[in-house]
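K.L.:
sharing a model prediction with you, sequence too.
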Amino acid sequence: DTAVSQTPKYLVTQMGNDKSIKCEQNLGHDTMYWYKQDSKKFLKIMFSYNNKELIINETVPNRFSPKSPDKAHLNLHINSLELGDSAVYFCASSQGDRPTYEQYFGPGTRLTVT
Amino acid sequence: AQSVAQPEDQVNVAEGNPLTVKCTYSVSGNPYLFWYVQYPNRGLQFLLKYITGDNLVKGSYGFEAEFNKSQTSFHLKKPSALVSDSALYFCAVRGWYSGGGADGLTFGKGTHLIIQP
């Protein structure tokens, strides 16, 4: 059983399009996250949700909108895609919203904007 | 603001030799420190963490890390390297978010570990 899963694994699209990435965790965790890994492998937090409530919203363009329909799912919708959005996006989850909890990551979604 | 430094882009070690991957951190308050490993085209896997207590933390796959408060370091170690340990290793720190709740992980830039047969 995959603990944190993401779909799709690869996403190739053109500038200006709107796309979504889905994430699901079956660990029973309360907190979920989105991270962006750029071409130099640098990882940065984008959002976190705890019990479906937005906790962290870093300086991310408002073209990016996370949605958490329930505790097990955190989706990422991106409007008007730009070339600079090309990256690998990782979903993660943790038991709760305390810094002592480790996070478990999904396999990533490689987004390529042409 | 918290930060993590991994001073080496790449570490080369012969199989069977001990390995060390260096990490230093900066954080206000108590440090919560983590090591993750990323294999090619895969997600990150949790290796170990330091929260409090014993300065030597043991983790998965025979890895351990030594927390040193005075040097603000959290180096990853393994007594005997395997070729299969070759991967990208990330050190990360976590604190409390200004708006309440935990902050996201702040990662170092990563260190490529290459184990030569």
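P.N.:
Done, it's in.

K.L.:
could you use CA atoms for every contact and neighbour count after this?
P.N.:
OK.

K.L.:
which residue, other than its chain neighbours, is closest to the closest residue to chain A within chain B?
P.N.:
At 4.1 Å from chain A, residue B:43 is the closest residue in chain B, using Cα to the nearest Cα. By the measure of Cα to Cα, 6 or more residues apart in numbering or on different chains, the closest residue to residue B:43 outside its immediate chain neighbours is residue A:107, 4.1 Å from it.

K.L.:
got a list of contacts for stretch B:39-53?
P.N.:
Here stretch B:39-53 makes contact (Cα atoms under 8 Å, 6 or more residues apart in numbering or on different chains) with A:90, A:100, A:102-108, B:31-38, B:57-61, B:63-65, B:67, B:86-88.

K.L.:
list buried residues within those.
P.N.:
Buried members of the contacts of stretch B:39-53, scored by 16 or more other Cα atoms under 10 Å in any protein chain shown, are A:90, A:100, A:102-108, B:31-38, B:57-58, B:63-65, B:67, B:86-88.

K.L.:
which of those fall in strands?
P.N.:
When DSSP state E is applied, these are split such that A:90, A:104-105, B:32-38, B:57-58, B:64-65, B:67, B:87-88 fall in strands.

K.L.:
where does chain B have low pLDDT?
P.N.:
B:98-100 (pLDDT under 70).

K.L.:
just the pLDDT at the closest residue to chain B within chain A, thanks.
P.N.:
Minimum separation of chain A from chain B (Cα to the nearest Cα) falls at residue A:107, amounting to 4.1 Å. Residue A:107 is assigned 95 on the pLDDT scale.

K.L.:
verify the stated contact: it with residue A:3.
P.N.:
No - between residue A:107 and residue A:3 there is no contact under Cα atoms under 8 Å: 10.0 Å.

K.L.:
near chain A, which residues of chain B show up?
P.N.:
Within reach of chain A by Cα under 8 Å from any Cα of the partner chain, chain B has these residues: B:32, B:34, B:41-46, B:49, B:51, B:94-97, B:99-110.

K.L.:
buried among those? Make that a ChimeraX selection.
P.N.:
In ChimeraX, a selection of the buried entries from the residues of chain B next to chain A looks like this (16+ other Cα under 10 Å):
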select /B:32,34,43,44,45,46,49,51,94,95,96,101,102,103,104,105,106,107,108,109,110
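
K.L.:
so what's the residue count around residue A:57?
P.N.:
15 (other Cα atoms under 10 Å in any protein chain shown).

K.L.:
what residues are up against residue 105?
P.N.:
Using chain A here. Neighbouring residues of residue A:105 by Cα under 8 Å, 6+ apart: A:4, A:90, A:91, A:92, A:93, B:43, B:44, B:45.

K.L.:
my question was about chain B
P.N.:
A:44, A:45, B:92, B:93, B:94.

K.L.:
the last one contacts residue A:98, doesn't it?
P.N.:
No - checked against Cα under 8 Å, the pair residue B:94 and residue A:98 is beyond contact range at 9.2 Å.

K.L.:
I appreciate the help and will end here.
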